[in-house]
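Participant: Output the structure for:
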Amino acid sequence: MTSPLTTRTRTGLLATAVVAALAVTATGPATAAPASTTSAGPAAHTRFFAHLDVSDGQRPENITLEPGGSAVVTFAYNRQVARITPDGRAHVLATLPEPPAGSVTPALTSPFLGGIVRAHDGTLYFLYATGSSDLTGLWRLRPGGTPHRIAALPADGLPNGLALDEHGGLLYAADSVLGTVWRVPLTGGTATAWSTAPELAADGFLGANGIKVHGGAVWVSNLDRGTVLRIPVTRHGAAGPVSTRATGLVDIDDFAFTGRGDTLLAAINKDNEVARVEPGGRHTVVLTAADGLEGPTSLAVRGRTAYVASAAYFTNEDPNLLAARIVPAPGK
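Facilitator: Okay, the predicted model is just below:
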């Protein structure tokens, strides 16, 4: 690995979130089919959507999908937002400003471009962490426009995963260093510490990580603790009591729900796996390096396809986007 994170306990392991408002049409709990169940061989249920250029810093940290079949990703360390078209090519939409000299991003050292979501009108929202108060926060990019910061977030934190509640006009950001879920109006403005529950805190490196709005609640993964948490949104919009929905997923990065239920797919970055997590918390590995994963960081689901972004932070070989077919889970 060639990043300045080489001295950290979990080298290069970064956290993300995928848009919570994806159009998912699967009708029940589902999973990416494990290769062992596919008669045509290990790659029969997967395909590479794109191979990216590691020498150019194209390490996809987070992903959101567009109606026309393209994906939009954040490249964590070269400060770029890029569209990946179905032919596998990357088209840079924006490059974020370089932070002032001497700025040090908490936990990661280098500037970090994290979670990204897309509103129905094509507007993109994403998180940028630099260790400097003038740049760290929530940014917006309208189609054909230039990026602007619309809400400041604490420079001593690491805003990481991002979720969209477009109906409520709100965005939720998971801060991996401060153990906080921030809430920001879709129009921008002052960020509110919506939840600082102890279950969000780090335990050595990074805490609150991936984040989604789903089923009347905000769901958050905790990388260090290996948990998936559910925080209900009360009738007045406040954070309700936290419940732990899954454990034993240490180094979980991002996650995405597969359909109408609470079954989800979780990216386990360092272990090079994607796991299916069922509503009761039981989890099963369904994708591995044999399927093309190279340090999966984030997922997005559309219909019966799961798109997995791999940043290759550990392998340093082939950052890519992988498309995997979703099939009903056994017994469903």
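Participant: So P111 sits against F75, correct?
Facilitator: No - using Cβ atoms under 8 Å, P111 is not in contact with F75, being 11.1 Å away. Quick note: C-beta positions are derived from backbone N, CA and C, even for glycine.
Participant: Show me what the longest strand along the chain is packed against.
Facilitator: In the chain, taking DSSP state E as the definition, the longest strand is strand 320-328. Packing partners of strand 320-328 (3 or more Cβ pairs under 8 Å, 6 or more residues apart in numbering; DSSP states H and E): strand 30-32, strand 46-51, strand 305-310.
Participant: Quickly run through the sheet partners of that strand, with directions.
Facilitator: Strand 320-328 has the following sheet partners, assigned by DSSP bridges: strand 30-32 (antiparallel), strand 46-51 (antiparallel), strand 305-310 (antiparallel).
Participant: wouldn't D165 be in contact with V213 here?
Facilitator: Yes - contact criterion Cβ under 8 Å: D165 and V213 qualify, at 4.6 Å.
Participant: can you give me the offset of stretch 227-234 from its chain's centre?
Facilitator: Distance, stretch centre to chain centre, for stretch 227-234: 17 Å (Cα atoms, centre = their mean, to the nearest Å).
Participant: Only the buried residues of that stretch, if you could.
Facilitator: Buried residues in stretch 227-234, defined by neighbour count with 16 or more other Cβ atoms under 10 Å: T227, V228, L229, R230, I231, V233.
Participant: And for stretch 249-265?
Facilitator: 249-259, 261-265.
Participant: quick one on the thing from earlier: can I get the buried residues of stretch 227-234 in CSV including pLDDT?
Facilitator: Below are the buried residues of stretch 227-234 laid out as CSV (pLDDT from 0 to 100):
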residue, pLDDT
T227, 98
V228, 98
L229, 98
R230, 98
I231, 98
V233, 98
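Participant: Looking at these, which are in strands?
Facilitator: T227, V228, L229, R230, I231.
Participant: how close does the residue lying closest to the third one once chain neighbours are set aside sit to D254?
Facilitator: Think L229. Among residues not flanking L229 along the chain, V220 sits closest, at 4.8 Å (Cβ to Cβ, 6 or more residues apart in numbering). Counting by Cβ to Cβ, to the nearest Å, the gap from V220 to D254 is 11 Å.
Participant: Please apply the same query to A323.
Facilitator: In terms of Cβ to Cβ, A323 sits 16 Å off from D254.
Participant: what's the answer for A90, then?
Facilitator: Counting by Cβ to Cβ - A90 and D254 are separated by 20 Å.
Participant: what is V228 paired to in the beta sheet?
Facilitator: S221, A246.
Participant: surely it meets A217?
Facilitator: No - contact criterion Cβ under 8 Å: V228 and A217 do not qualify, at 11.4 Å.
Participant: The residue nearest to A155 when sequence neighbours are not counted and G207, how far apart?
Facilitator: Using Cβ to Cβ, 6+ apart and skipping the chain neighbours, the partner closest in space to A155 is S133 (4.4 Å). Distance of S133 to G207, computed by Cβ to Cβ: 22 Å.
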